[in-house]
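Trainee: Just the structure for this:
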Amino acid sequence: MTESIVDLRAAGDVFSDVENGEAAFAPVAPLLTPGDIVLGNCEGVYSDRPAKSPTHKHFMGTGTVRAEPLKTAGFTVMTASNNHTLDGGYVGLDDTRATLKSLGIDTPGAGANLDEATRPYVTEHNGVRVAIVGFTTVFPKGYEARPNRPGLAPLRVTTSYLDPDENFWEPGIPPLITTAAVPEDLERCRRSIAAAREQADIVVVSMHWGYSHVLERLMDYEPRLARDAVDHGADVVLCTHHHALRPVEFYAGRPIFYGTGALVHHFQGPSVTPAMRANSMNRYGELSSMRPPAEEFELWPFAEEARRSMVVALSLRKGENPVAEVGFFPAQMLADASTTALEPGDPRASVIADYVQRMSAEQGFPAAFELTERDGWAYVRVTDPAAG
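Mentor: Model (predicted):
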């Protein structure tokens, strides 16, 4: 009897905001459309009547018509828990969710109240039930859902700045930074994962977190909370927000992708100011090894490394070892605001594979990477050395 397999394809942050959105997705769509489930993070608002939130930082929004390419690109579900979810206010959130729903795309991670925002999304393919849970740690205050108020699924994390030497007065030196999840949010996240576990054979947890301008160093809470999700029932953890790719590890045999980057993402209008563009580049140079780009991309004003992308490919099944295969397809953002899949032998695929492998090794994460070919495209198979 043939084993039932579900093909999950997962991208990182996605926000289509150009006149010809289908052209922007076309070069990378062959990596998405074969999936039974195609997951992305909806990094913005689709509304023709947004009411900007008073706490929004950089408004990320466009008209509803510009969401249509998401359907032709193949997306079936997009998490709506991120720092732009309520940029257009409650009406913008309603319009975004309704627009995506009309395109056949579900939106876990946000809702009309806290219960709906934290409710798992469950779908079934080939007799295998897959649940998806979405949470975020990074968002303007007020975006979080309440028991009787719309918003996103929050996993708030507090920050403490401590004297690194309790036995010595030395004012002004860099502090010891520690973080801790808000207990009620952590318990709610655990309950959401437990509910997903009861309803499905496979549980996928999507986390929108980290700091997008320090790409190669994980915040201390990221591995702690990702592993906590696995301890409480997650089979896969996929993380977004970082504007670039980040490490991969296996924990208790479950894959954790700490940063899947941005796939097709457009910055338009007043959101992109000269000051913002310069500040973004400077932050990369000062706080990490990221460097300003040799060629500026008008709609993606970030460093060279931020243009590297991936589409995660997971083969899911029932049983004690639910993730039968783990890998990703390298992809590359282009100056025309599109993103392309890469053919075998393309040196850009090697750069991406080596980049993720190096970061994973530097974090001490056990994972082996093999650049190969799948379905005519460059593909990186990721395996757990501990699995034998």
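
Trainee: contacts, neighbours, all on C-alpha from now
Mentor: OK.

Trainee: where do the strands sit along the stretch 101-250 of the chain?
Mentor: Using DSSP state E, counting those that start in this stretch, the strands of the stretch 101-250 of the chain run over residues 110-111, 121-125, 128-136, 151-152, 157-162, 176-181, 202-208, 236-240, 248-251.

Trainee: helices and strands around the following helix or strand past the last one, which ones?
Mentor: Downstream of strand 248-251, the first helix or strand assigned by DSSP states H and E is strand 254-257. The criterion is 3 or more CA pairs under 8 Å, 6 or more residues apart in numbering; DSSP states H and E, and the helices and strands that strand 254-257 contacts are strand 236-240, strand 248-251.

Trainee: Give me the sheet partners of strand 254-257 and which way each runs.
Mentor: strand 236-240 (parallel), strand 248-251 (antiparallel) (DSSP bridges).

Trainee: P183: which of those is closest?
Mentor: strand 236-240 (20.2 Å; CA to CA).

Trainee: neighbouring contacts of that closest one?
Mentor: 12-13, 41, 203-209, 226, 229-230, 254-262 (CA atoms under 8 Å, 6 or more residues apart in numbering).

Trainee: Any figure for the gap between the residue most central in space within the chain and M310?
Mentor: Note on the chain: the residue nearest the mean C-alpha position is T240, at 2.3 Å, using CA atoms, centre = their mean. Look at T240 and M310: by CA to CA, to the nearest Å, they are 12 Å apart.

Trainee: list residues touching both of the two?
Mentor: With CA under 8 Å, 6+ apart, T240 and M310 have common neighbours G12, T260, G261.

Trainee: In contact with the first one, which residues?
Mentor: Under the criterion of CA under 8 Å, 6+ apart, the contact list for G12 reads G40, N41, C239, T240, H241, G259, T260, G261, A262, L263, M310, V311.

Trainee: where does T62 fall, phi/psi-wise?
Mentor: phi -160, psi 180 (degrees, to the nearest 10).

Trainee: Kindly provide the distance from the nearest residue to it once chain neighbours are set aside to A361.
Mentor: Nearest non-adjacent residue to T62, counting by CA to CA, 6 or more residues apart in numbering: Y46, 5.2 Å away. Counting by CA to CA, the gap from Y46 to A361 is 39 Å.

Trainee: the more surrounded of the two?
Mentor: Y46 (30 against 15; other CA atoms under 10 Å).

Trainee: Surely the more buried one touches D94?
Mentor: No. The pair Y46 and D94 does not pass the contact test of CA atoms under 8 Å, sitting 9.3 Å apart.

Trainee: Which strand or helix spans A353?
Mentor: helix 347-362.

Trainee: With G63 as the reference, measure out to S47.
Mentor: On the measure of CA to CA, S47 and G63 end up 5 Å apart.

Trainee: between these two, which one's more packed in?
Mentor: S47 (24 against 15).

Trainee: Give me the distance between the residue lying closest to V312 once chain neighbours are set aside and T76.
Mentor: Nearest non-adjacent residue to V312, counting by CA to CA, 6+ apart: F328, 4.2 Å away. Noted for F328: a distance of 18 Å to T76, by CA to CA.

Trainee: of those two, who's got more company?
Mentor: Ranked by neighbour count (other CA under 10 Å), F328 and T76 place F328 first, with 25 against 21.

Trainee: Thought A313 was touching the more buried one, still the case?
Mentor: Yes. Between F328 and A313 there is a contact at 5.2 Å, judged by CA under 8 Å.

Trainee: What segments of the stretch 151-300 of the chain are helices?
Mentor: 183-199, 221-231, 274-287 (DSSP state H, counting those that start in this stretch).

Trainee: Would you confirm that K71 contacts G104?
Mentor: Yes. Here K71 reaches G104: they are 7.4 Å apart, a contact under CA under 8 Å.

Trainee: Run through the bridge partners of L152.
Mentor: A110, E144.

Trainee: Would you enumerate the residues in contact with it?
Mentor: 80-82, 85, 109-111, 114, 117, 135-136, 143-145.

Trainee: Distance of it relative to R374?
Mentor: Taken as CA to CA, the span from L152 to R374 is 36 Å.

Trainee: same thing with P255?
Mentor: Taking CA to CA, one finds P255 at 20 Å from R374.

Trainee: Neighbour count for the two, which is higher?
Mentor: P255 (26 against 15).

Trainee: Am I right that the more buried one is in contact with E249?
Mentor: Yes. Taking CA under 8 Å as the definition, P255 is a contact partner of E249 at 5.9 Å.

Trainee: Dig out what the residue nearest to V312 forms beta bridges with.
Mentor: Applying DSSP bridges, one finds that F328 bridges with V312, V380.

Trainee: give the contact list for it.
Mentor: M310, V311, V312, A313, Y379, V380, R381, V382.

Trainee: okay but the first one is in contact with M333, surely?
Mentor: No. Because the distance of 10.0 Å does not satisfy CA under 8 Å, M310 is recorded as not touching M333.

Trainee: Give the residues shared as contacts by these two.
Mentor: L263.

Trainee: who's more crowded, those two?
Mentor: Per other CA under 10 Å, whichever of M310 and M333 has more neighbours is M310, with 31 against 23.

Trainee: For the more buried one, which non-adjacent residue is spatially closest?
Mentor: P330 (4.5 Å).

Trainee: cool, and A195?
Mentor: Excluding the flanking residues, the one nearest A195 by CA to CA, 6+ apart is P120, at 7.2 Å.

Trainee: neighbours of the one you found, just the number please.
Mentor: 26.

Trainee: in the stretch 101-250 of the chain, which segments are predicted with low confidence?
Mentor: 213-216 (pLDDT under 70).

Trainee: Could you rerun that using 80?
Mentor: 212-217 (pLDDT under 80).

Trainee: go on, the stretch 251-388 of the chain?
Mentor: 269-296, 388.

Trainee: Just the CA trace of the helix or strand D94 falls within, in PDB.
Mentor: Take DSSP H and E as the rule and D94 turns out to sit in helix 89-102. Output of helix 89-102 as PDB, limited to C-alpha atoms (Å, rounded to 0.1, in the frame of the first residue of the first chain):
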ATOM      1  CA  GLY A  89      -6.900  49.200  11.500                       C
ATOM      2  CA  TYR A  90      -9.800  46.800  12.200                       C
ATOM      3  CA  VAL A  91     -11.400  47.500   8.900                       C
ATOM      4  CA  GLY A  92      -8.100  46.800   7.100                       C
ATOM      5  CA  LEU A  93      -7.800  43.500   8.900                       C
ATOM      6  CA  ASP A  94     -11.400  42.600   8.000                       C
ATOM      7  CA  ASP A  95     -10.800  43.500   4.400                       C
ATOM      8  CA  THR A  96      -7.500  41.600   4.200                       C
ATOM      9  CA  ARG A  97      -9.000  38.400   5.600                       C
ATOM     10  CA  ALA A  98     -12.100  38.700   3.500                       C
ATOM     11  CA  THR A  99     -10.100  39.300   0.400                       C
ATOM     12  CA  LEU A 100      -7.800  36.400   0.900                       C
ATOM     13  CA  LYS A 101     -10.800  34.200   1.800                       C
ATOM     14  CA  SER A 102     -12.400  35.100  -1.500                       C
END
